[in-house]
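Chemist: below is the structure, and that's it, no one-letter string:
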(Lines give C-alpha, C1' and ligand atoms only; values in the text may rest on other atoms or scores of the structure.)
Protein backbone atom coordinates (compact mmCIF):
# COMPACT_ATOMS: atom_id res chain seq x y z
CA UNK A 1 0.00 0.00 0.00
CA UNK A 2 1.10 3.54 -0.79
CA UNK A 3 1.83 6.15 1.90
CA UNK A 4 -0.79 8.90 1.97
CA UNK A 5 -1.31 12.44 3.22
CA UNK A 6 -4.61 13.84 4.50
CA UNK A 7 -5.46 17.48 5.23
CA UNK A 8 -7.61 18.05 8.32
CA UNK A 9 -8.88 21.02 10.25
CA UNK A 10 -6.66 21.64 13.28
CA UNK A 11 -9.07 23.66 15.38
CA UNK A 12 -10.82 24.56 17.63
CA UNK A 13 -8.68 21.99 19.46
CA UNK A 14 -5.21 21.24 18.13
CA UNK A 15 -4.54 17.58 17.40
CA UNK A 16 -1.45 15.94 18.89
CA UNK A 17 0.51 12.95 17.50
CA UNK A 18 -0.91 10.56 20.11
CA UNK A 19 -4.45 11.34 18.99
CA UNK A 20 -3.46 10.82 15.37
CA UNK A 21 -2.03 7.41 16.20
CA UNK A 22 -5.29 6.51 17.92
CA UNK A 23 -7.20 7.09 14.68
CA UNK A 24 -8.29 10.70 15.18
CA UNK A 25 -7.28 11.61 11.62
CA UNK A 26 -9.88 9.21 10.23
CA UNK A 27 -12.56 10.83 12.39
CA UNK A 28 -11.50 14.28 11.16
CA UNK A 29 -11.16 13.40 7.47
CA UNK A 30 -14.37 15.21 6.53
CA UNK A 31 -13.73 18.25 8.75
CA UNK A 32 -12.38 20.50 5.99
CA UNK A 33 -15.31 20.40 3.58
CA UNK A 34 -18.95 21.30 4.24
CA UNK A 35 -21.42 19.33 2.15
CA UNK A 36 -20.69 20.15 -1.47
CA UNK A 37 -18.43 23.06 -0.53
CA UNK A 38 -14.72 22.29 -0.81
CA UNK A 39 -12.09 24.47 0.85
CA UNK A 40 -9.15 22.79 -0.84
CA UNK A 41 -8.10 22.12 -4.40
CA UNK A 42 -7.58 19.42 -5.53
CA UNK A 43 -10.33 18.12 -3.24
CA UNK A 44 -8.64 14.73 -2.78
CA UNK A 45 -6.43 16.30 -0.09
CA UNK A 46 -9.40 16.31 2.30
CA UNK A 47 -11.28 13.26 1.02
CA UNK A 48 -11.40 9.73 2.38
CA UNK A 49 -9.01 8.47 -0.29
CA UNK A 50 -6.37 11.08 0.65
CA UNK A 51 -3.31 11.86 -1.50
CA UNK A 52 -0.85 9.17 -2.47
CA UNK A 53 2.73 10.15 -1.57
CA UNK A 54 5.24 7.58 -2.85
CA UNK A 55 8.31 7.19 -0.67
CA UNK A 56 10.63 5.51 -3.15
CA UNK A 57 13.40 8.10 -2.70
CA UNK A 58 13.13 8.38 1.07
CA UNK A 59 11.08 11.58 0.91
CA UNK A 60 7.31 12.03 0.76
CA UNK A 61 6.33 13.43 -2.60
CA UNK A 62 2.60 13.94 -3.26
CA UNK A 63 1.54 12.94 -6.75
CA UNK A 64 1.99 15.74 -9.28
CA UNK A 65 -1.72 15.59 -10.08
CA UNK A 66 -2.46 16.72 -6.50
CA UNK A 67 -0.21 19.80 -6.70
CA UNK A 68 -0.28 22.67 -6.09
CA UNK A 69 -2.42 22.51 -2.97
CA UNK A 70 -4.73 25.52 -2.67
CA UNK A 71 -6.74 26.37 0.46
CA UNK A 72 -9.50 28.91 -0.12
CA UNK A 73 -10.72 29.54 3.45
CA UNK A 74 -8.75 30.85 6.40
CA UNK A 75 -8.13 28.57 9.36
CA UNK A 76 -5.70 26.26 11.09
CA UNK A 77 -4.98 22.99 9.30
CA UNK A 78 -2.76 19.97 9.81
CA UNK A 79 -1.44 17.08 7.70
CA UNK A 80 -1.90 13.48 8.74
CA UNK A 81 0.40 10.82 7.30
CA UNK A 82 -0.09 7.10 7.04
CA UNK A 83 2.69 4.78 5.92
CA UNK A 84 0.17 2.21 4.69
CA UNK A 85 -2.56 4.63 3.57
CA UNK A 86 -4.87 3.68 6.47
CA UNK A 87 -5.73 6.44 8.95
CA UNK A 88 -7.78 4.31 11.32
CA UNK A 89 -6.22 2.88 14.47
CA UNK A 90 -5.50 -0.42 12.69
CA UNK A 91 -3.23 1.41 10.22
CA UNK A 92 0.00 3.33 10.72
CA UNK A 93 -1.22 6.94 11.05
CA UNK A 94 0.82 9.83 12.40
CA UNK A 95 0.87 13.60 12.36
CA UNK A 96 3.26 15.59 10.16
CA UNK A 97 5.07 18.07 12.47
CA UNK A 98 4.01 21.09 10.41
CA UNK A 99 1.27 23.58 11.29
CA UNK A 100 -0.61 25.20 8.43
CA UNK A 101 -2.10 28.61 9.26
CA UNK A 102 -4.06 30.28 6.48
CA UNK A 103 -4.90 33.93 7.08
CA UNK A 104 -8.40 34.99 6.06
CA UNK A 105 -12.06 34.59 6.81
CA UNK A 106 -13.67 31.21 7.40
CA UNK A 107 -17.02 29.63 8.12
CA UNK A 108 -16.90 25.95 9.00
CA UNK A 109 -20.58 25.86 9.95
CA UNK A 110 -21.88 26.41 6.42
CA UNK A 111 -23.39 23.67 4.28
CA UNK A 112 -23.47 25.52 0.95
CA UNK A 113 -27.26 25.71 0.86
CA UNK A 114 -29.62 28.65 0.48
CA UNK A 115 -30.23 28.57 4.23
CA UNK A 116 -26.52 28.43 5.09
CA UNK A 117 -24.37 29.66 2.19
CA UNK A 118 -20.60 29.36 2.45
CA UNK A 119 -18.33 32.38 2.16
CA UNK A 120 -17.82 31.96 -1.57
CA UNK A 121 -21.54 32.38 -2.24
CA UNK A 122 -22.65 34.56 0.69
CA UNK A 123 -23.70 38.11 -0.08
CA UNK A 124 -22.55 40.75 2.42
CA UNK A 125 -24.77 43.83 2.42
CA UNK A 126 -23.52 47.27 3.37
CA UNK A 127 -25.93 50.22 3.50
CA UNK A 128 -24.91 53.88 3.80
CA UNK A 129 -26.70 57.17 3.25
CA UNK A 130 -25.39 59.12 0.29
CA UNK A 131 -22.52 61.33 1.37
CA UNK A 132 -22.49 59.86 4.87
CA UNK A 133 -20.13 57.47 6.62
CA UNK A 134 -20.42 54.91 9.36
CA UNK A 135 -18.89 55.64 12.80
CA UNK A 136 -15.86 53.62 11.71
CA UNK A 137 -15.37 55.88 8.71
CA UNK A 138 -16.16 53.20 6.17
CA UNK A 139 -18.55 50.39 5.38
CA UNK A 140 -17.75 47.41 7.58
CA UNK A 141 -18.27 43.73 6.78
CA UNK A 142 -18.16 41.39 9.75
CA UNK A 143 -16.98 37.77 9.67
CA UNK A 144 -18.18 37.19 13.22
CA UNK A 145 -21.51 35.48 13.62
CA UNK A 146 -23.35 35.44 16.90
CA UNK A 147 -25.24 32.48 18.23
CA UNK A 148 -24.55 29.01 19.46
CA UNK A 149 -22.57 26.78 17.16
CA UNK A 150 -21.12 29.64 15.15
CA UNK A 151 -17.91 28.61 13.42
CA UNK A 152 -17.28 31.81 11.51
CA UNK A 153 -14.33 34.06 12.16
CA UNK A 154 -11.07 35.51 11.00
CA UNK A 155 -7.47 34.28 11.19
CA UNK A 156 -4.83 36.98 10.98
CA UNK A 157 -5.75 40.58 10.17
CA UNK A 158 -7.80 42.15 7.41
CA UNK A 159 -4.54 43.26 5.76
CA UNK A 160 -4.00 39.60 4.82
CA UNK A 161 -7.33 39.35 3.04
CA UNK A 162 -8.67 40.16 -0.37
CA UNK A 163 -12.22 41.28 -1.11
CA UNK A 164 -13.81 40.77 -4.50
CA UNK A 165 -16.93 42.37 -5.89
CA UNK A 166 -19.27 42.09 -8.82
CA UNK A 167 -20.03 44.71 -11.46
CA UNK A 168 -23.47 46.27 -11.17
CA UNK A 169 -26.20 43.69 -11.65
CA UNK A 170 -28.43 44.05 -14.69
CA UNK A 171 -32.07 44.32 -13.57
CA UNK A 172 -35.15 44.50 -15.80
CA UNK A 173 -38.59 45.49 -14.62
CA UNK A 174 -42.09 44.51 -15.70
CA UNK A 175 -44.84 47.00 -16.58
CA UNK A 176 -46.12 46.92 -12.99
CA UNK A 177 -42.72 47.99 -11.70
CA UNK A 178 -41.82 44.63 -10.21
CA UNK A 179 -38.49 42.98 -10.97
CA UNK A 180 -38.78 40.72 -13.99
CA UNK A 181 -35.25 39.36 -14.16
CA UNK A 182 -31.84 39.79 -12.59
CA UNK A 183 -28.53 39.05 -14.25
CA UNK A 184 -25.83 38.66 -11.63
CA UNK A 185 -22.25 39.66 -12.13
CA UNK A 186 -19.30 37.43 -11.24
CA UNK A 187 -17.11 38.31 -8.27
CA UNK A 188 -13.71 39.51 -9.39
CA UNK A 189 -14.82 39.39 -13.00
CA UNK A 190 -14.30 43.07 -13.79
CA UNK A 191 -13.57 46.46 -12.30
CA UNK A 192 -16.19 47.81 -9.89
CA UNK A 193 -18.81 50.18 -11.21
CA UNK A 194 -17.77 53.72 -10.25
CA UNK A 195 -21.34 54.50 -9.21
CA UNK A 196 -21.08 51.96 -6.39
CA UNK A 197 -17.42 51.71 -5.36
CA UNK A 198 -15.15 54.71 -5.58
CA UNK A 199 -11.62 54.89 -4.27
CA UNK A 200 -10.37 58.33 -5.31
CA UNK A 201 -13.26 60.61 -4.33
CA UNK A 202 -15.12 61.33 -1.11
CA UNK A 203 -18.52 60.35 -2.44
CA UNK A 204 -20.00 58.53 -5.41
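Modeler: Looks like it came in fine. These figures come from a predicted structure and were not determined experimentally.

Chemist: and the worst-scoring helix or strand of the chain on mean pLDDT, what does it pack onto?
Modeler: Comparing every helix and strand of the chain by mean pLDDT, DSSP states H and E singles out strand 152-155 as the least confident one, with a mean of 79. Taking 3 or more Cβ pairs under 8 Å, 6 or more residues apart in numbering; DSSP states H and E as contact, the helices and strands that strand 152-155 lies on are strand 104-107. Where you see a C-beta, it was placed from the backbone N, CA and C, and this is true even at glycine.

Chemist: how far off centre is the strand it packs on?
Modeler: If you compare the mean C-alpha spot of strand 104-107 with that of the full chain, they lie 6 Å apart, counting by Cα atoms, centre = their mean, to the nearest Å.

Chemist: list the contacts of it.
Modeler: Strand 104-107 is touched from outside by 73-75, 118-119, 122, 143, 145, 151-156, 160-161, with contacts defined as Cβ atoms under 8 Å, 6 or more residues apart in numbering.

Chemist: could you pull out the helices for this protein?
Modeler: Counting by DSSP state H, the segments of the chain that form helices are 17-21, 24-27.

Chemist: looking at these, which is closest to residue 83?
Modeler: Using Cβ to Cβ as the criterion, the shortest distance between residue 83 and the helices of the chain is 11.5 Å, found for helix 17-21.

Chemist: pLDDT averaged over the closest one - what is it?
Modeler: Averaging the model's pLDDT scores along helix 17-21 yields 90.

Chemist: on that earlier part again, note down every partner strand of the least confident helix or strand of the chain and its orientation.
Modeler: For strand 152-155, sheet partners with direction are given as strand 104-107 (antiparallel), following DSSP bridges.

Chemist: what average pLDDT does the partner strand get?
Modeler: Strand 104-107 shows an average pLDDT of 83 in the prediction.

Chemist: quick one, phi psi at residue 115?
Modeler: The phi/psi pair for residue 115 (degrees, to the nearest 10) reads phi -80, psi -20.

Chemist: using JSON lines, lay out the helices of the chain together with mean neighbour count and distance to residue 5.
Modeler: As requested, those are exported to JSON lines (neighbours: other Cβ atoms under 10 Å; distance: least, Cβ to Cβ, whole Å):
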{"stretch": "helix 17-21", "mean neighbour count": "16", "distance to residue 5": "12"}
{"stretch": "helix 24-27", "mean neighbour count": "21", "distance to residue 5": "10"}
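
Chemist: thank you kindly, that will do.
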